[in-house]
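Q: sequence first, then the predicted structure:
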Amino acid sequence: MTTAVLPTYARLPCSFVEGTGVRITADTGEEFLDFGAGIAVNLLGHAHPHLVEALTAQAAKLWHTSNLYQIPGQERLARRLCDATFADYVFFTNSGAEAIECAIKMARKFHAQEGHGERYRLITFEGAFHGRTLATIAAGGKKAALEGFGPPTDGFDQVAFGDVEAARAAIGPETAGILVEPVQGEGGIRPVAPEAMKALREMCTQNGLLLLLDEVQCGVGRTGRLFAHEWAGIEPDIMAIAKGIGGGFPLGACLATGRAAHGMTPGTHGSTYGGNPLAMAVGNAVLDVVLEDGFLDGVRRAAGTLRQKLAGLVDEYGDIIEAVRGEGLMLGLKCRVDNTLLLNALLDRKLLTVGAADNVIRLLPPLIVSDAEIGEAVDKIAAACRAIRTTANP
Ligand SMILES: *Cc1c(COP(=O)(O)O)cnc(C)c1O
């Protein structure tokens with residue numbers, strides 16, 4: 001098939017036409033169970049009535065004005081995000097990478113404002129993923145993402161995953177801060193231990209550095225807390241979010257303390273679309289649901305159920321699945337067979353999942369997933385494991 005779409009993705013041969021909740025229908029009429037949620041984006045599933053209502057109501061009124069004017073939806077969403085977190089300020093973007101770009105610029109500006117413009121470097125971790133812009137591929141440090149794109153953007157020093165002592169050793173006179181995903185997503189659902197998160201926080205405070213968190217994938221209720229860093233009982237200085245906060249509408253944000261943000265004065269940063277009325281209507285609607293009393297309790301309960309059933313699969317199919325890891329409804333199946341083999345076997349059984357590095361399959365269901373849907377998904381995984389076993393030992 002010829003395509004006019006730049007072929008930067010090796011796409012699966014599926015195309016979807018509509019969805020409701022955790023279910024999504026292909027153009028063939030086949031129904032799938034969506035445990036990929038558009039890579040942790042469809043936080044509340046497909047066509048959530050409250051989100052549809054918020055978006056269509058706003059669409060009938062006003063789409064866009066630019067940030068030359070006041071945007072009430074922005075004021076409201078920013079206030080609500082700050083009330084629920086460590087933050088004093090929020091900058092809205094259209095994507096995760098832009099939210100990280102804002103975080104990187106803010107960290108550099110902070111030190112420049114303090115009279116230390118030489119402090120511009122960030123310590124990052126192996127396996128990290130921070131986006132696809134020139135700065136964020138340099139931050140991620142993955143060779144395949146950098147190759148052929150000229151000299152990598154300067155200012156990132158990578159150390160081994162979760163290695164607190166290596167991070168300490170990497171601090172120099174040019175270090176501005178530490179950038180870390182509390183749970184690596186693309187890297188293979190690798191949570192940083194709470195003690196390590198605490199140690200990084202302490203290290204930043206003691207050395208006058210800023211702690212920057214990338215919660216683009218693990219934030220907004222995904223791990224069973226509003227933000228993943230809450231599990232470690234720490235607070236960052238700056239945090240990038242995206243994916244789940246828009247529930248499928250392109251939306252990201254960079255949250256920061258007043259101290260960390262003090263260099264970001266008028267004219268220092270901007271975005272034409274960022275925080276436009278459509279995005280704000282949806283972001284506020286997502287928060288309406290996620291901040292509801294008991295919602296996160298429900299996520300933790302569902303996560304416990306899924307995790308327990310998956311542990312049962314590891315017991316039964318240890319030759320296919322080596323381990324389950326992750327937090328909340330951000331779980332990874334570390335595979336013993338090639339992960340694409342399992343992913344395709346799951347696709348054959350109408351279960352959508354997402355691959356990740358380290359031979360992992362990601363399970364990222366919408367946070368509204370029911371026990372029945374969890375049971376159904378686990379049955380499909382068991383059936384796929386049996387099929388792979390039969391093919392391997394006919
Ligand atoms: C997806 C992702 C990004 C990049 O977000 P985009 O919206 O694709 O730019 C950055 N960091 C993490 C942890 C992500 O999962």
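A: Now that the structure is in, tell me what you want to look at.
Q: C218 should be in a strand, yeah?
A: No: with DSSP: H, G, I helix; E, B strand; the rest coil as the criterion, C218 is assigned coil and is not in a strand.
Q: run a quick neighbour tally on the residue in the chain positioned nearest to the ligand.
A: The ligand sits closest to G96 of the chain, with a gap of 2.2 Å, by C-beta to the nearest ligand atom. All C-beta spots, glycine's among them, are computed from the backbone N, C-alpha and C. G96 sits with 28 neighbouring residues when counted by other C-beta atoms under 10 Å.
Q: residues from the stretch 51-200 of the chain in reach of the ligand?
A: S95, G96, A97, I100, F129, H130, G131, E181, G185, E186 (C-beta under 6 Å from any ligand atom).
Q: quick check: pLDDT value at the residue nearest to the last one when sequence neighbours are not counted.
A: When you say that, I think you mean E186. Nearest residue to E186, sequence neighbours excluded (C-beta to C-beta, 6 or more residues apart in numbering): F129, at 3.6 Å. In the predicted model, F129 carries a pLDDT score of 98.
Q: ok, F129 - contacts?
A: By C-beta atoms under 8 Å, 6 or more residues apart in numbering, the contact set of F129 is G140, K142, E181, Q184, G185, E186, G187.
Q: ok so, going back, let's have the residues of the stretch 51-200 of the chain next to the ligand in TSV, adding secondary structure.
A: Shown next, in TSV, are these (three-state DSSP):
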residue	secondary structure
S95	coil
G96	helix
A97	helix
I100	helix
F129	coil
H130	coil
G131	coil
E181	coil
G185	coil
E186	coil
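Q: what's the burial count for R325?
A: For R325, the count of nearby residues is 19 (other C-beta under 10 Å).
Q: ok, N284 - contacts?
A: Applying C-beta under 8 Å, 6+ apart, we find N284 in contact with A54, G73, R76, L77, R80.
Q: packing partners of the host helix or strand of the third one?
A: Taking DSSP states H and E as the definition, R76 sits inside helix 72-84. Using 3 or more C-beta pairs under 8 Å, 6 or more residues apart in numbering; DSSP states H and E as the contact test, the elements touching helix 72-84 are strand 89-93, strand 252-256, helix 277-290.
Q: which of these sits most buried?
A: Each of the helices and strands packed on helix 72-84 was scored by mean neighbour count; the highest is strand 252-256, a mean of 29, by mean count of other C-beta atoms under 10 Å.
Q: list the contacts of that one.
A: With C-beta under 8 Å, 6+ apart as the test, strand 252-256 has contacts from 81-82, 85-96, 98-100, 102-103, 106, 216, 237-243, 245-246, 264, 274, 283.
Q: and that strand, how far from the chain's centre?
A: On the basis of C-alpha atoms, centre = their mean, to the nearest Å, strand 252-256 is displaced by 13 Å from the centre of the chain it belongs to.
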